[in-house]
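Asker: have a look at this prediction, sequence included:
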Amino acid sequence: MDERRIKLEDKLVAHVDDLILDEIKADPQTQRQYDLLRTIPGVGPQLAAYLVAFTDGFARFNTPRQLSCHAGVAPSSAAQAAAYADEHKRRIKLINRSRPYFTCPVW
């Protein structure tokens, strides 16, 4: 891509970002949710806007856990949690086998 094309694409993205912010500002409740999300470290304008839109103002999920499971940051069931724990234990055993000097006492 040449420089002119990149600049044009950047302007278009900025314009779309402005349109999204205008929609957010049009509704006081949406604006409040967006502002609250922006106070979380690591949540930028795009992620905050996405979360508010995707969750329909956080009405799409009944519990915070449902949202975190959908996002893939928490296991969605006890079986998945147990499978994750088993996999974690298996990996620790493999690491300990490959580095026996960390697991054996030094005399």
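Answerer: Yes, it's here. Residues are numbered from 1 along each chain as shown.
Asker: where does pLDDT dip in the protein?
Answerer: Scanning the chain for pLDDT under 70 picks out 1, 74-81, 94-107.
Asker: can you give me the strands for the protein?
Answerer: Counting by DSSP state E, the chain has no strands at all.
Asker: grab the most central residue of it for me.
Answerer: Here the mean C-alpha position of the chain is nearest to the C-alpha of Ala71 (CA atoms, centre = their mean), at a distance of 6.2 Å.
Asker: distance of it relative to Leu47?
Answerer: 11 Å (CB to CB, to the nearest Å). In this view, the C-beta of every residue, glycine as well, is placed from N, C-alpha and C.
Asker: domain map for the protein?
Answerer: As recorded under automatic domain parsing, the domains making up the chain are 3-74, 76-107.
Asker: contacts for the top helix by length along the chain?
Answerer: Scanning the chain for the helix with the most residues, using DSSP state H, yields helix 3-26. Helix 3-26 is contacted from outside by 1, 30-31, 34, 45-46, 49, 52, using CB atoms under 8 Å, 6 or more residues apart in numbering.
Asker: go again using 10 Å as the cut-off
Answerer: With contacts defined as CB atoms under 10 Å, 6 or more residues apart in numbering, helix 3-26 is touched by 1-2, 30-35, 45-46, 48-50, 52-53.
Asker: just the buried residues of that helix, please?
Answerer: 20, 24 (16 or more other CB atoms under 10 Å).
Asker: can you offset everything so residue one is 789?
Answerer: Sure, I'll start counting at 789 from here, so that last one is helix 791-814.
Asker: how distant is that helix from the center of its chain?
Answerer: Distance, stretch centre to chain centre, for helix 791-814: 22 Å (CA atoms, centre = their mean, to the nearest Å).
Asker: kindly report the same for stretch 844-857.
Answerer: 13 Å.
Asker: that stretch: end-to-end distance?
Answerer: End-to-end distance for stretch 844-857: 17 Å, by CA to CA, to the nearest Å.
Asker: thank you kindly, that will do.
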